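> fold the following for me, if possible:
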Amino acid sequence: MSSTSQAQKSGAAAAHPDHLGHVIFIAAAAAMGGFLFGYDSSVINGAVEAIRDRYDIGSAALAQVIAIALIGCAIGAATAGRIADRIGRIRCMQISAVLFTVSAVGSALPFALYDLAFWRIVGGFAIGMASVIGPAYIAEVAPPAYRGRLGSFQQAAIVIGIAISQLVNWGLLNAAGGDQRGKLMGLEAWQVMLGVMVIPAVLYGLLSFAIPESPRFLISVGKHERAQEILAEVEGDKIDLDARVAEIEHAMKSEHKSSFKDLLGGSFFFRPIVWVGIGLSVFQQFVGINVAFYYSSTLWQSVGVDPTDSFFYSFTTSIINIVGTVIAMIFVDRVGRKPLALIGSVGMVIGLGLEAWAFSFDLVDGKLPAAQGWTALIAAHVFVLFFALSWGVVVWVFLGEMFPNRIRAAALGVAASAQWIANWAITASFPSLADWNLSATYVIYTVFAALSIPFVLKYVKETKGKKLEEMG
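Numbering: from 1, shown residues only. This is a model prediction of the structure:
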C-alpha cells in the first residue's frame, strides 16, 4: 500500500474516534479561554455608567476606556501565533490565564482611570491570545468529521461567558439596590463585577494542565512518540498511528515556522486567502455585534428603559446568543459554513434595518413610542439570533480551517488582529455616533451586513469535511 493511500486510510479512520468523550473534554477545556474572552469582553457593560459617573468623563473619553482593551486584544492576537509555534499551545493558554487573573484583580481595584485602562489592556492581551489559541488548538486536535462542531465550542464558550457576565452583573446590581456604585463587600458594585472574573481565570489555568499538547506542535519539535500517544487519545487507537504521523509530517515537511513575511504576495500586499480571512473578521465586527454586548445597558437606558430592566434585557439578549450558537453547532457540519453565513447575513439585515427604523422616532417623555420600543427590542434579539447562528460561529471555524498549514498560525494571528482592530473601531465610535444619530448608526451596520452577502458568495470557499492538510 502506498504512503498516500495509507494516509487516506488513516484520515478516514480518524473520522470516528474511539474516545470522543475525551476529545470533547479537551475541546471544552481549551474553549475555557473563549469563556473568559466572552466574560471579560462583556462584563464591562455593567460598569459603563458607573465609570462615567465616578471619573466624571464624557462619551468620547468613556469610549476610549471601554475600547482600549481591544488594542491589547489586537497585540495579543498578532503575537499569539508566533508564541504558540515557539513554546506550544498549552503554554500560551497558561500565560493567558495568568494575564486574565492579574487583569481581573487590577480592574477591580483601580487607583485612577489611567490604571483601570492599563489593566483593561492587560486583559485585552489575554483575550487576543485566547482568540487565536483556542480555535487553532481545537482544529489541530479534532478529528476532521467533528472539527466543525468541536471548533464551534470556542464560540459557544464565548456566548456562555457573555451570558454569565450579564447574569452576574444583574445579580450584583440587585444586591446593590439597583445602583452600579452601591457598596458590596467594601467595594462599589461595578468593581465587584470586574473582579469576579478571577474565578474562571484560575479554573482556565488549572484546566490547561489537564489537556495534552497539540500533536502537530509535538511533531514540529520532533516529539513523535508523544504525538502518537495523543493521536491515539483523540482519534482512536485503531488507526495506523505511523501513517497518521507521516501524513501530518509530510504536510509539514516543506514548511517552516510561519511568519508575517510568509503572508505577503499577490497584487495587494497579502496573499488573497489572507485577505479573505481579514474580510471575514472585519465584516463580523462591522455589523455592530459588540455594541449589543458592550453598550446594551446604556443603549436601552438612552431610550427610556430603567437600569435594572436594561441589565435584564442585556441578559435575555445573551440567552438568545446562546440559542443561536447551539443552532449553529448543530448545523455547521451538516449544512456547511458558507450557507450558514449567508442565512445569517440576510437575518441580520432585517434585524438591524428594523432597529434603525425604530430608533428614527423621537422620544416621548424620555422613551420611544410603545410600538417602536417593542420593535427595537425584538429586532435587537432577532439580530443577535441570526448573528449567533451564523457569523458568530462560522468565522471562528473558518479561521481555524481555511489557511494552508505553512501559514496557518501567522495568518490566523493577522486575521484575528484585524478582527480586534475592527472591534475597536466600532466600540470606540459608538457613543459619539449614538449621540450624533442613533438611527443612522444602525443604518451603517445594516449596510455592512448587506455587503457581507456578495463577499461570501464571491470570495469564501467551503471548508466543510476537509482535512487541514488539504487547505490552500
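> how about residue 23: what's its closest non-neighbour residue?
residue 234 (4.9 Å; C-beta to C-beta, 6 or more residues apart in numbering). The C-beta positions use only the backbone N, C-alpha and C, and glycine is treated the same way.
> and the helices in the stretch 101-250 of the chain?
113-141, 147-175, 189-195, 198-208, 215-220, 224-235, 241-253 (DSSP state H, counting those that start in this stretch).
> using CSV, write down the CA coordinates of the third one.
What follows is helix 189-195 as a C-alpha-only set of coordinates in CSV (Å, rounded to 0.1, in the frame of the first residue of the first chain):
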residue,chain,number,x,y,z
ALA,A,189,-20.8,47.1,42.7
TRP,A,190,-19.1,47.7,39.4
GLN,A,191,-15.7,46.8,40.9
VAL,A,192,-17.0,43.5,42.2
MET,A,193,-18.4,42.8,38.7
LEU,A,194,-15.0,43.2,37.2
GLY,A,195,-13.2,41.2,40.0
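> average pLDDT across it?
For helix 189-195, mean pLDDT is 91.
> do the same with the second one
Confidence over helix 147-175, taken as the mean pLDDT, stands at 85.
> that helix: which residues count as buried?
147-170, 172-173 (16 or more other C-beta atoms under 10 Å).
> residue 178 contacts residue 308, doesn't it?
Yes. Shown here, residue 178 and residue 308 form a contact pair, counting by C-beta atoms under 8 Å, at 5.1 Å.
> residues in contact with the nearest residue to residue 168 once chain neighbours are set aside?
Distances taken as C-beta to C-beta, 6+ apart put residue 196 closest to residue 168, at 5.7 Å, once the chain neighbours are dropped. Taking C-beta atoms under 8 Å, 6 or more residues apart in numbering, we find residue 196 in contact with 43, 104, 168, 172.
> touching, the third one and residue 190? I think so.
No. The criterion here is C-beta under 8 Å, and residue 168 misses it with residue 190 at 11.7 Å.
> helix/strand/coil for residue 265?
strand (DSSP: H, G, I helix; E, B strand; the rest coil).
> any idea how many residues pack against it?
13 (other C-beta atoms under 10 Å).
> which residues does it contact?
Contacts of residue 265 by C-beta under 8 Å, 6+ apart are residue 271.
> and residue 358, by the same measure?
Contacts of residue 358 (C-beta under 8 Å, 6+ apart): 368, 372-373, 375-376, 379.
> roughly how far does the closest residue to it other than its chain neighbours sit from residue 303?
Leaving aside its chain neighbours, residue 358 sits nearest to residue 376 (3.8 Å; criterion: C-beta to C-beta, 6+ apart). Distance, residue 376 to residue 303, using C-beta to C-beta, to the nearest Å: 7 Å.
> now the common contact residues for the two.
With C-beta under 8 Å, 6+ apart, residue 376 and residue 303 have common neighbours 359, 368.
> pLDDT wise, what is residue 465 at?
Predicted confidence (pLDDT) for residue 465: 62.
> so where do the strands sit in the protein?
For the chain, the strands defined by DSSP state E cover 183-184, 187-188, 264-268, 270.
> worst average pLDDT in these?
Among the strands of the chain, strand 264-268 has the lowest mean pLDDT, at a mean of 66.
> correct me if wrong: the residue nearest to residue 358 contacts residue 355.
Yes. The criterion here is C-beta under 8 Å, and residue 376 meets it with residue 355 at 5.6 Å.
> which one's more surrounded, those two?
Higher neighbour count among residue 376 and residue 355: residue 355, with 29 against 23, using other C-beta under 10 Å.
> was I right to think the more buried one contacts residue 383?
Yes. With contact defined as C-beta under 8 Å, residue 355 reaches residue 383; the gap is 6.7 Å.
> where in this protein is pLDDT low?
1-19, 236-237, 252-262, 266-268, 465-472 (pLDDT under 70).
> longest helix in it, please.
Of all the segments of type helix in the chain, defined by DSSP state H, the longest one is helix 408-459.
> straight-line length of stretch 386-395, end to end?
For stretch 386-395, the first-to-last residue distance is 13 Å (C-alpha to C-alpha, to the nearest Å).
> to clarify, my last question referred to stretch 365-373.
End-to-end for stretch 365-373, by C-alpha to C-alpha: 13 Å.
> which strands or helices does the longest helix of the chain pack on?
Secondary-structure packing of helix 408-459 (3 or more C-beta pairs under 8 Å, 6 or more residues apart in numbering; DSSP states H and E): helix 59-67, helix 69-87, helix 113-141, helix 272-286, helix 291-294, helix 296-302, helix 337-358, helix 391-401.
> quick one: contacts for the nearest residue to residue 59 once chain neighbours are set aside?
Take residue 59 and drop its neighbours on the chain: the residue closest to it by C-beta to C-beta, 6+ apart is residue 431, 3.8 Å away. Contact analysis of residue 431 by C-beta under 8 Å, 6+ apart lists 59-60, 62-63, 295, 298.
> out of those, flag the one nearest to residue 34.
residue 295 (21.4 Å; C-beta to C-beta).
> so how far is residue 104 from that closest one?
21 Å.
> these two: who's more crowded?
Between residue 295 and residue 104, counting by other C-beta under 10 Å, residue 104 is the more crowded of the two (27 against 24).
> the more buried one reaches residue 191, doesn't it?
No. Using C-beta under 8 Å as the test, residue 104 is too far from residue 191 to be in contact (10.6 Å).
> isn't residue 140 right next to residue 215, touching?
Yes. Between residue 140 and residue 215 there is a contact at 6.8 Å, judged by C-beta under 8 Å.
> more neighbours: the two, which one.
Using other C-beta under 10 Å as the criterion, residue 140 and residue 215 rank with residue 215 on top: 25 against 21.
> contacting residues for the more buried one?
140-141, 227, 230-231, 234, 245, 248.
> can you put the residues you listed in TSV and add distance to residue 84?
Formatted as TSV, the contacts of residue 215 follow (distance: C-beta to C-beta, whole Å):
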residue	distance to residue 84
140	10
141	13
227	16
230	16
231	19
234	18
245	20
248	16
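> who wins for proximity to residue 444 among the strands of the chain?
Among the strands of the chain, the nearest to residue 444 by C-beta to C-beta is strand 264-268 (24.5 Å).
> which helices and strands does whichever helix or strand comes after the closest one pack with?
Next helix or strand after strand 264-268 toward the C-terminus (DSSP states H and E): strand 270. Helices and strands touching strand 270, as assessed by 3+ C-beta pairs under 8 Å, 6+ apart, are absent.
> can you report phi and psi for residue 179?
Residue 179 has phi and psi values of phi -110, psi 120 when expressed as degrees, to the nearest 10.
> measure it to residue 423 for me?
30 Å.
> for residue 43, same thing?
To residue 423, residue 43 is 16 Å away according to C-beta to C-beta.
> look at the two and report which has more neighbours.
Using other C-beta under 10 Å, the more surrounded residue of residue 43 and residue 423 is residue 43, with 27 against 24.
> residues contacting the more buried one?
So residue 43 contacts 165, 168-169, 193-194, 196-197 (C-beta under 8 Å, 6+ apart).
> over to residue 273?
Neighbour list for residue 273: 402-404, 411, 472 [criterion: C-beta under 8 Å, 6+ apart].
> I appreciate the help and will end here.
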